[in-house]
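Visitor: sequence and predicted structure, then a few things I'm wondering about:
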Amino acid sequence: MLKDWCHCASLQLGCTHVSVNYIRPLLTHYFGLFLKLNYFIMNVLVLGSGAREHALSHKISQSAKCDKLFIASGNGGTGGLAQNVSLNIEDASEVGAFVKANSIDIVVVGPEAPLVAGIHDGLKADLALANLVVVGPRKAAAELEGSKDFAKEFMMRHKIPTAAYQTFTKEKLEDGEAFLDTLDAPYVLKADGLAAGKGVLIIEDLDEAKEELKNMLVDAKFGDASSRVVIEEFLAGIEFSIFALTDGKGGYALLPEAKDYKRIGEGDTGLNTGGMGAVSPVPFFDEALRERTVREIIEPTIQGLVKDNLPYQGFIFFGLINTTKGPKVIEYNVRMGDPETEVVIPRLESDIVDLFIAMHNGTLDQMEVLVNPQTAATVMAVSGGYPGWYEKGKVIEGLRRFEGTTVYHAGTKPGEQIITSGGRVMAFTSFGVDKEEALAKSYAALKEVNFDGMNYRRDIGFDL
Ligand code: AMP
Ligand code: GLY
């Protein structure tokens, strides 16, 4: 009871803009134990193991309010700033037990899968964790990413601009084919559920589109995820991404925008990947486009969540496209993007733990978000063969601290020598007065690092 009251009181205080940095040494001297018990100094657990989680952990570790930082499971780069722990991050009882045993105050959920599986609800089902700050929506709200049809219905309900669409099941295959007949090429087919980023097909030929529709619905091309398929109008334009942290009460903090580069090949060619690089800010996201995006997309989304009673405290990722008819939503994600996080979060100058506390208290509207005006660019080094088959276990040579470049690890494993363990291996992030300067630093650092088969795109930001 006392602990609950204290926790609550400290969270309230945490968002009053009293700079704890100034008074903390004094308070610590007189009330050291009291502070510890009352979560002025907080223990944080980050769930995930990619460069996104490395970048989030890096920012959290810079907060004066962060005491112990854990990451599950982390990677070869996170061990230096957090304690890597092995947990099944989709298992709420396993994560909950760790939270209790280590007096964790804040859990930051990196990837979508635990959110869509209901990790937030699972943790909060334990009354002992009623005051835990969880960054990431509850299961019902995570459907914005977990089901494309759910997201589309949400956008229709709240008049949020997006591509025209219809959803089909295998019983309605013929209706789906007839709908394709009414559309112009290219045809956009989307598996309704999570399909590890592979569930969207963009097809030029009508017969092939019909064949793929059948493969998805009848032959379960993406398993259960394609038991429903969203067919939508193709939108032409340039894509960009916006990120917000929302408190579930209509308040939100807008984070810097970014543009990512998804294709494996230079000039945006070849297969889709998880992301080969990113740049922030996005030059064409000018004041007029910002104002329109906020008015037509961001605010109706944040308010729509409240109206629909969808409990959402966490990051929202708006995947947008700037068309001749204005910005439209391509997709929502219920998490930060990767590699966008590796440019968005380093630009954030506000204390991220303060933002999490304000999120928890429902006071994000009162927070000022401070952003570094410089350009951040990141370039991803990937394994040879990725996004197809690739070898793991390659020794990474030449890694060191680079002046002006931060290396965020993704698919790396700690050990005497750091080795590769995934397709996307490391993101090289740098700042500059413009993207050219930022990218020159990242590419210079990349030249010093090597592993057998290493590949990266030499043209990140080429279209900006
Ligand atoms: P999604 O998983 O929904 O983000 O789709 C993956 C990618 O497919 C997007 O980043 C776009 O490049 C593309 N895409 C999705 N929907 C559309 C659309 N309606 N029109 C044009 N491109 C699209
Ligand atoms: N970079 C796109 C994503 O994180 O989904």
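Guide: Sure, I can see it. Ligands and ions are numbered 1, 2, ... in the order given.
Visitor: chain neighbours aside, what residue packs nearest to the one residue sitting closest to the centre of the chain?
Guide: What sits nearest the mean C-alpha location of the chain, by CA atoms, centre = their mean, is Met336, with 1.5 Å. What sits nearest to Met336 in space, not counting adjacent residues and going by CB to CB, 6 or more residues apart in numbering, is Phe315, at 4.9 Å. The way it works is simple: take the backbone N, C-alpha and C, and place the C-beta from them, glycine included.
Visitor: ok, Gln303 next?
Guide: Gly250 (6.0 Å).
Visitor: how deep is that neighbour tucked in, by neighbour count?
Guide: 15 (other CB atoms under 10 Å).
Visitor: likewise Asn84?
Guide: Neighbours of Asn84 (other CB under 10 Å): 17.
Visitor: can we start the residue count at 26 from this point?
Guide: Sure, I'll start counting at 26 from here, so that last one is Asn109.
Visitor: show residues contacting the helix or strand where it lies.
Guide: Element membership for Asn109, per DSSP states H and E: strand 108-110. Contacts with strand 108-110, where a contact means CB atoms under 8 Å, 6 or more residues apart in numbering, come from Lys93, Leu94, Phe95, Ile96, Ala97, Ser98, Gly99, Asn100, Thr103, Phe123, Pro439.
Visitor: quick check on those: which are buried?
Guide: With burial judged by 16 or more other CB atoms under 10 Å, the buried subset of the contacts of strand 108-110 is Leu94, Phe95, Ile96, Ala97, Gly99, Asn100, Thr103, Phe123, Pro439.
Visitor: how about these in JSON lines, adding secondary structure and pLDDT?
Guide: Formatted as JSON lines, the buried ones among the contacts of strand 108-110 follow (DSSP: H, G, I helix; E, B strand; the rest coil; pLDDT from 0 to 100):
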{"residue": "Leu94", "secondary structure": "strand", "pLDDT": "98"}
{"residue": "Phe95", "secondary structure": "strand", "pLDDT": "98"}
{"residue": "Ile96", "secondary structure": "strand", "pLDDT": "98"}
{"residue": "Ala97", "secondary structure": "strand", "pLDDT": "98"}
{"residue": "Gly99", "secondary structure": "coil", "pLDDT": "96"}
{"residue": "Asn100", "secondary structure": "coil", "pLDDT": "97"}
{"residue": "Thr103", "secondary structure": "helix", "pLDDT": "97"}
{"residue": "Phe123", "secondary structure": "helix", "pLDDT": "98"}
{"residue": "Pro439", "secondary structure": "coil", "pLDDT": "88"}
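Visitor: which one of those residues is nearest ligand 1?
Guide: Checking these against ligand 1 by CB to the nearest ligand atom gives Asn100 as the nearest, at 24.5 Å.
Visitor: which residues touch the closest one?
Guide: Ser74, Gly75, His79, Asn109, His434, Ala435, Gly436, Thr437, Lys438, Pro439, Ser446.
Visitor: about what we covered before: report the mean confidence score over the host helix or strand of the residue nearest to Met361.
Guide: Using DSSP H and E, the element containing Phe340 is strand 339-348. Model confidence over strand 339-348, given as mean pLDDT, is 98.
Visitor: now stretch 144-163
Guide: Stretch 144-163 comes out at a mean pLDDT of 97.
Visitor: quick check: end-to-end length of it?
Guide: 8 Å (CA to CA, to the nearest Å).
Visitor: identify, from the buried ones among the contacts of strand 108-110, the entry nearest to Leu389.
Guide: Closest approach to Leu389 among the buried ones among the contacts of strand 108-110 (CB to CB): Leu94, at 22.4 Å.
Visitor: tell me the contacts of that closest one?
Guide: Leu94 touches Asn68, Val69, Leu70, Val71, Ser82, Ile85, Ser86, Leu106, Ala107, Gln108, counting by CB under 8 Å, 6+ apart.
Visitor: one more: Phe340?
Guide: Val160, Gly161, Phe268, Ala269, Leu270, Leu280, Val359, Arg360, Met361 are the contacts of Phe340 under CB under 8 Å, 6+ apart.
Visitor: so it bridges to which residues?
Guide: Leu270 (DSSP bridges).
Visitor: where's it relative to ligand 2, distance?
Guide: 11 Å (CB to the nearest ligand atom, to the nearest Å).
Visitor: Three-state assignment for Leu219, please.
Guide: coil (DSSP: H, G, I helix; E, B strand; the rest coil).
Visitor: who touches it in this structure?
Guide: By CB under 8 Å, 6+ apart, the contact list for Leu219 reads Glu137, Ala138, Val141, Glu170, Gly171, Ala250.
Visitor: at 6 Å instead, please
Guide: Ala250 (CB atoms under 6 Å, 6 or more residues apart in numbering).
Visitor: for Lys353, same thing?
Guide: Neighbours of Lys353 in contact, by CB under 6 Å, 6+ apart: Pro186, Thr187, Leu260, Ile346.
Visitor: what about those, which are in strands?
Guide: Ile346 (DSSP state E).
Visitor: so what's the residue count around the residue nearest to Gly362 when sequence neighbours are not counted?
Guide: The shortest distance from Gly362 to any non-neighbouring residue, by CB to CB, 6+ apart, is to Phe342 (5.2 Å). The number of residues packed near Phe342 is 25, by other CB under 10 Å.
Visitor: now do Asn297
Guide: 14.
Visitor: correct me, but it touches Tyr286?
Guide: No: assessed by CB atoms under 6 Å, Asn297 is found out of contact with Tyr286, at 10.6 Å.
Visitor: identify the residues contacting the residue of the stretch 176-325 of the chain found nearest ligand 2.
Guide: Nearest residue of the stretch 176-325 of the chain to ligand 2: Gly300, at 3.8 Å (CB to the nearest ligand atom). For Gly300, the contact set (CB under 6 Å, 6+ apart) comprises Asp285, Lys287, Asp363, Pro364.
Visitor: same deal with Pro412?
Guide: Contacts of Pro412 (CB under 6 Å, 6+ apart): Leu296, Thr298.
Visitor: what score does it have for pLDDT?
Guide: Confidence for Pro412, expressed as pLDDT, is 94.
Visitor: cool, Lys90 as well?
Guide: 94.
Visitor: what's the answer for Cys31, then?
Guide: pLDDT at Cys31 comes out at 36.
Visitor: among the contacts of Gly300, name the buried ones.
Guide: Asp285, Lys287, Asp363, Pro364.
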